[in-house]
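**Student:** have a look at this fold, sequence not included:
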Ligand SMILES: [Zn+2]
């Protein structure tokens with residue numbers, strides 16, 4: 001096998017894994033409710049926006065759909 005095909009194969013597998021992580025991470029985040037750090041409103045992120053967002057503990061970097069600010073949003077434990 002040529003090294004080029006091995007590299008393409010690795011990139012393809014890595015891309016597939018990244019897509020799966022993006023989808024499942026985003027899906028689990030989109031089912032949760034977050035509180036905007038700027039305006040205090042609650043929202044649930046869309047999975048394709050949440051999948052690759054950075055998070056520290058229960059704070060996730062998300063863009064608020066109400067005020068448009070991007071920042072750390074803590075998880076809300078209240079029901080939707
Ligand atoms: Zn906001």
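**Tutor:** That came in fine, so what should we check first? Model, not experiment: these values are computed from the prediction.
**Student:** near the ion, which residues of the chain show up?
**Tutor:** Residues of the chain lying close to the ion by C-beta under 5 Å from the ion are 36, 38, 39, 64, 66, 67. From N, CA and C alone the C-beta is placed, and that goes for glycine too.
**Student:** surely the second one and residue 69 touch.
**Tutor:** When you say that, I think you mean residue 38. Yes - assessed by C-beta atoms under 8 Å, residue 38 is found in contact with residue 69 at 4.1 Å.
**Student:** output the below-cut-off pLDDT ranges for the protein.
**Tutor:** For the chain, the stretches flagged by pLDDT under 70 are 78-80.
**Student:** ranges for the strands of it?
**Tutor:** Taking DSSP state E as the test, the strands found in the chain are 33-35, 42-43, 55-56, 59-63, 70-76.
**Student:** which residues touch the fourth one?
**Tutor:** Under the contact criterion C-beta atoms under 8 Å, 6 or more residues apart in numbering, strand 59-63 has outside partners 29, 34, 43, 45, 49-50, 53-55, 69-75.
**Student:** swap in the third one?
**Tutor:** Counting contacts by C-beta under 8 Å, 6+ apart, the residues outside strand 55-56 that touch it are 61, 72.
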